[in-house]
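S.K.: This is the structure alone, sequence omitted:
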C-alpha cells in the first residue's frame, strides 16, 4: 500500500474533536456528582434545622467556602490535565491556599480560646464520622469525574486521579457542611481536610490503574 493511500484510509470518517470537550465533560460530571451528593445528604443525613440562622455567621461560610474554593481550583487543574501536554497556567501550590487560610483561622481561634475549650474545638461531637461522611458524599463526583477522564486523554494518570479526588472531596465537604453541626475552626481544619484527602489518595491510586493509556 502506498503512503498516500494509507493516509487517505486513516483519514476517512475522522471528525474534528468538539471544541472545549474536556471542559464540557468534566463540568457535566461535576454537576451530576453534586446533584447526587445533595440527594444522598437529604436522604441519609438531612439538612441541619438551624441552617437559616447559621448561614448568617462567618464560621459557616468558612466551612462552606473552603471546600468550594477547592472545587474551583480542582476544576482548573482537571481541565488542564485532560488535555495531553497542556501545562496549567498556575502552579499546583495554589491548591493549598484555601487550606492555609482555614489553618490560619484555626490557629488564631485556638490561641485566643481558653484552654478548657480546646478539646471541644478539636474533637467536637462528630469527629468519629466526619471523615467517613465527607468521603461517602464525595463518591458520586469522584465516579463521574473518573468516567469523564477515561473518555479524554490525561497523560498523568496518578496526578489526574488525585486532582479528581481533591475536587470530589471538596464537593463532599461542601455538601456535608449543610448537615454538620460543627463550627469550630480547629475541627474543620483537621477533620474536613482529612475528609478531602481520603478521596484524593484513593483516586490517585485508581487513576494509576484506570487512566493509563
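M.R.: Done, it's in. Here the structure is a predicted model, which is why all the values come from computation and not from measurement.

S.K.: Report the secondary structure state of the spatially most central residue of the chain.
M.R.: The structure's the chain has its C-alpha centroid closest to residue 167; by Cα atoms, centre = their mean the separation is 1.8 Å. Here residue 167 is recorded as helix under DSSP: H, G, I helix; E, B strand; the rest coil.

S.K.: nearest residue to it other than its sequence neighbours?
M.R.: residue 74 (3.1 Å; Cβ to Cβ, 6 or more residues apart in numbering). The way it works is simple: take the backbone N, C-alpha and C, and place the C-beta from them, glycine included.

S.K.: my guess is that neighbour contacts residue 174, does it?
M.R.: No. Using Cβ atoms under 8 Å, residue 74 is not in contact with residue 174, being 11.7 Å away.

S.K.: Any stretches of this protein with poor pLDDT?
M.R.: Within the chain, the stretches with pLDDT under 70 are 1-19, 213.

S.K.: Let me see the ranges of the helices in the protein.
M.R.: Using DSSP state H, the helices found in the chain span residues 3-11, 21-40, 51-54, 58-81, 97-112, 118-123, 127-150, 157-176, 185-187, 193-210.

S.K.: Could you export those helices as CSV, including distance to residue 90?
M.R.: What follows is these, written out as CSV (distance: least, Cβ to Cβ, whole Å):
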stretch, distance to residue 90
helix 3-11, 37
helix 21-40, 16
helix 51-54, 33
helix 58-81, 7
helix 97-112, 10
helix 118-123, 32
helix 127-150, 20
helix 157-176, 13
helix 185-187, 26
helix 193-210, 18
